[in-house]
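K.L.:
One predicted model, sequence on top.
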Amino acid sequence: MTANESTPLKASEGKRMVSHHETSSLTARGNQNRSAVSPGDAEDDESRSTSEETQGQNRRNMLILVMVAGATAATLGYDVGIMAAAIQPLEQQLDLSGVQKEVAMGSLNFVAAFGGILGGNIADGYGRKRTISVCCWLFIVGTFLMAFSINYASLLVGRIITGLGVGVAFVTAPCYITEVAPADERGRLNAVFDISINGGILWGYIVGFFVQVIWPDNWRLMLGCGVTLPIIVLGFLSRLPESPRWLMMKNKKSQTKAVLLRLGSSEMETEKIMQDMEDELESTKEEAEHGEEIVRFGKGQRFAIQLGFWQQITGTEAVLYYSADYLKRAGMASPLLRLGGNIMIGVCKLIPECIATGYIDSAGRRPLLFGSALALFLSTLGLSFAFWIHASAGVVVFLLCAIMASFSAGLGPFTFLSASENLDMSERAMGLTYCTAANRITSGIVAMTAVSFTDVIDDSGLFGLYAFAGLCSLIFYWRVPETAGQTLEEITLARKSDRSSSDSNRSGDVNFGTELVPAARQGLMA
């Protein structure tokens, strides 16, 4: 309703009021009519219009952010999926030995650990947005080198460059999303990153299947299709702002304020957020001056390392890379059927994650992480038993799908989210670097030892070993801190308040989960 429309209505209301109170004077009635035409009506209309424009801009920013995060993550996933599809024809045409096959698959993850270190330093020094651009160019160059490989050495060079891009992306993209997203959307937007990794894995499986149908064993085409996604990211990245928290770390307050307003915060909210960020930086500076190793290697960073390690030690990387081998040994002779089995595994990895994302901010981080770890342990133990009794290929496919579904219900999408939330602003980029390094090194160890371990202890023994690791992980996930629904500054304040009031609890990394947010812990235990 406009100001012009509201005037006669309110005036008529004034007249009815006067006629009801006959003792009112003509002057009083005139004053009532004039006061009924409130300047606030026009201001309210203008405010509503501005609010609608702001909401529209917010939606556009979030959509672009989702697309950039999704395409970056899908690039990582595509490499996993397409290598699983391409490795058998590639192994035959380049005449790879078993060890060369393991190194070609697993080396990317080791290099990604080093890429993560580069990513953290570049992200802190030059900004989150520029670092994502670096990651895209590494993907493009590495993909071209792999697609045009003429021997094992050239393939390995392409894997190394791509691995650097993977490491950079694993650190920078979650960090950027965490720092840009609103508190009530942070869980879902971070989950988009891992959902898109799984979507990329599934897309790699699908591309591999159709290439095998149309151009059998054309692994060069399979790998070459990977350049599409990083090009898309570069196209959309220019439309996004730099992280406001990185800008504040660089003391660029005017730019910080402009970005926060652009991302939809009101003037009052912006001032509060900026003050909270300043307080956090000042607190971290004071602690560092008093000799506390908060920035260099704090408790949050040690916790992030543990998250990265436990996510991968349970053997899911072996399932992703070598599922076709497991299906072949289970009796599935057709290459197309094995690639079809890969697609089923990819679907079962993607769908649970999409479902879990809808509950991350309501159910909380800890219940989903622990429940996922428990289900993963049980399904891995079941697969070990299935190989021991020489179960059919159908049973093996079902249990491989169950492993991926269990992983994706919590451990997959929320590991890096939990790590990023439990790191202070000044240690977040390097903390995620440590998390990525631990995650990729562990993943690389799994990928580079799975074939050799299978030769020694067979498939049943291998997955029995992974099941034991999953059992041990339950102790850690039971004590993960709950951070749902809190801003990053509130999480930091709660952690520092708890740390200052109970210094005696600072020993032992596992206790970190029970120290961080006591109010959340009490709520879960109630």
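P.N.:
Structure received.
K.L.:
isn't residue 369 right up against residue 414?
P.N.:
Yes: with contact defined as C-beta atoms under 8 Å, residue 369 and residue 414 form a contacting pair (5.9 Å). Every C-beta, even on glycine, is put in place using the N, C-alpha and C of the backbone.
K.L.:
Once you drop chain neighbours, what's closest to residue 356?
P.N.:
Using C-beta to C-beta, 6 or more residues apart in numbering and skipping the chain neighbours, the partner closest in space to residue 356 is residue 409 (5.0 Å).
K.L.:
Number of residues surrounding the one you found?
P.N.:
23 (other C-beta atoms under 10 Å).
K.L.:
how far away is it from residue 379?
P.N.:
As judged by C-beta to C-beta, to the nearest Å, residue 409 and residue 379 stand 11 Å apart.
K.L.:
likewise residue 437?
P.N.:
Taking C-beta to C-beta, one finds residue 437 at 28 Å from residue 379.
K.L.:
And for residue 220?
P.N.:
Distance, residue 220 to residue 379, by C-beta to C-beta: 35 Å.
K.L.:
In terms of neighbours, single out the busier of these two.
P.N.:
Taking neighbours as other C-beta under 10 Å, residue 220 and residue 379 compare with residue 379 leading, 23 against 18.
K.L.:
what are the phi and psi values for the closest residue in space to the more buried one that isn't next to it in sequence?
P.N.:
Of all residues not flanking residue 379 in the chain, residue 402 sits nearest, at 4.0 Å (C-beta to C-beta, 6+ apart). Backbone torsions of residue 402, given as degrees, to the nearest 10, read phi -60, psi -40.
K.L.:
Check the secondary structure at residue 175 for me.
P.N.:
Under the three-state scheme (DSSP: H, G, I helix; E, B strand; the rest coil), residue 175 adopts helix.
K.L.:
ok, it touching residue 432?
P.N.:
Yes: with contacts counted by C-beta under 8 Å, residue 175 reaches residue 432, the gap being 5.3 Å.
K.L.:
what is in contact with the two at once?
P.N.:
Residues within reach of residue 175 and of residue 432 at once, by C-beta atoms under 8 Å, 6 or more residues apart in numbering, are residue 420.
K.L.:
In three-state terms, how would residue 482 be classified?
P.N.:
Here residue 482 is coil, with the state taken from three-state DSSP.
K.L.:
What is the neighbour count of the closest residue to residue 332 other than its chain neighbours?
P.N.:
Leaving aside its chain neighbours, residue 332 sits nearest to residue 393 (4.4 Å; criterion: C-beta to C-beta, 6+ apart). When neighbours are counted by other C-beta under 10 Å, residue 393 registers 18.
K.L.:
low-scoring stretches of the protein, by residue?
P.N.:
Where the chain drops to pLDDT under 70, the residues are 1-59, 61-62, 182-191, 264-265, 284-298, 361, 425-426, 429, 483-526.
K.L.:
and after whichever helix or strand residue 245 is part of, which helix or strand comes next?
P.N.:
For residue 245, the host element (DSSP states H and E) is helix 244-249. Next in sequence after helix 244-249, counting helices and strands by DSSP H and E, comes helix 253-262.
K.L.:
residues of that following helix that come out buried?
P.N.:
Going by neighbour count (16 or more other C-beta atoms under 10 Å), the buried part of helix 253-262 is 255-257, 259-261.
K.L.:
Just the buried residues of whichever helix or strand comes after it, please?
P.N.:
Next in sequence after helix 253-262, counting helices and strands by DSSP H and E, comes helix 267-289. Going by neighbour count (16+ other C-beta under 10 Å), the buried part of helix 267-289 is 270, 273-274, 276-277, 280-281, 283-284, 287.
K.L.:
likewise stretch 137-148?
P.N.:
Buried residues in stretch 137-148, counted by 16+ other C-beta under 10 Å: 138-147.
K.L.:
Identify, from those, the entry nearest to residue 331.
P.N.:
The nearest member of the buried residues of stretch 137-148 to residue 331, counting by C-beta to C-beta, is residue 146 at 31.4 Å.
K.L.:
Roughly how far does residue 397 sit from residue 351?
P.N.:
Distance, residue 397 to residue 351, by C-beta to C-beta: 16 Å.
K.L.:
Looks like residue 327 contacts residue 392 (just checking).
P.N.:
No: using C-beta under 8 Å, residue 327 makes no contact with residue 392, being 11.0 Å away.
K.L.:
So between the two, which is more surrounded?
P.N.:
Shown here are residue 327 and residue 392; by other C-beta under 10 Å, residue 327 has more neighbours (23 against 12).
K.L.:
Next up, the contacts around that one.
P.N.:
Contacts of residue 327 were listed using C-beta under 8 Å, 6+ apart, and they are 337-338, 341, 393, 396-397, 400.
K.L.:
change it to 6 Å
P.N.:
By C-beta atoms under 6 Å, 6 or more residues apart in numbering, the residues touching residue 327 are 338, 341.
K.L.:
just to confirm, which helix or strand has it in it?
P.N.:
Per DSSP H and E, residue 327 falls inside helix 316-329.
K.L.:
Show me what secondary structure element comes after that helix.
P.N.:
Using DSSP H and E, the helix or strand that directly follows helix 316-329 along the chain is helix 335-357.
K.L.:
Show me what that next one is packed against.
P.N.:
Contacts defined by 3 or more C-beta pairs under 6 Å, 6 or more residues apart in numbering; DSSP states H and E place helix 335-357 against helix 186-214, helix 316-329, helix 393-408.
K.L.:
export those helices to CSV and tack on distance to residue 422?
P.N.:
Output for the helices and strands packed on helix 335-357, formatted as CSV (distance: least, C-beta to C-beta, whole Å):
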stretch, distance to residue 422
helix 186-214, 13
helix 316-329, 23
helix 393-408, 21
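K.L.:
who wins for proximity to residue 113 among these?
P.N.:
Closest to residue 113 of the helices and strands packed on helix 335-357 is helix 316-329 (C-beta to C-beta; 13.5 Å).
K.L.:
Measure how far that closest one is from the centre of its chain, please.
P.N.:
Relative to the centre of its chain, helix 316-329 is centred 24 Å away, using C-alpha atoms, centre = their mean, to the nearest Å.
K.L.:
could you check the angle helix 186-214 makes with that helix?
P.N.:
Helix 316-329 and helix 186-214 are oriented at 30 degrees to each other (axes from the mean of the first three to the mean of the last three C-alpha atoms, to 10 degrees).
K.L.:
Other residues contacting stretch 385-403?
P.N.:
Contacts of stretch 385-403 (C-beta under 6 Å, 6+ apart): 319, 323, 330-332, 341, 344-345, 348, 379-380, 382-383, 459-460.
K.L.:
change it to 7 Å
P.N.:
For stretch 385-403, contacts defined as C-beta atoms under 7 Å, 6 or more residues apart in numbering pick out 316, 319, 323, 326-327, 330-332, 341, 344-345, 348, 376, 379-380, 382-383, 459-460, 463.
K.L.:
any idea which of the buried residues of helix 267-289 is closest to residue 102?
P.N.:
Closest to residue 102 out of the buried residues of helix 267-289 is residue 284 (42.4 Å), distances taken as C-beta to C-beta.
K.L.:
got the contact list for residue 94?
P.N.:
Contacts for residue 94 were tallied using C-beta under 7 Å, 6+ apart; they are 151-152, 155.
K.L.:
Could you export the residues you listed as JSON lines, including secondary structure, distance to residue 237 and neighbour count?
P.N.:
Formatted as JSON lines, those follow (DSSP: H, G, I helix; E, B strand; the rest coil; distance: C-beta to C-beta, whole Å; neighbours: other C-beta atoms under 10 Å):
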{"residue": "151", "secondary structure": "coil", "distance to residue 237": "35", "neighbour count": "10"}
{"residue": "152", "secondary structure": "helix", "distance to residue 237": "34", "neighbour count": "17"}
{"residue": "155", "secondary structure": "helix", "distance to residue 237": "29", "neighbour count": "23"}
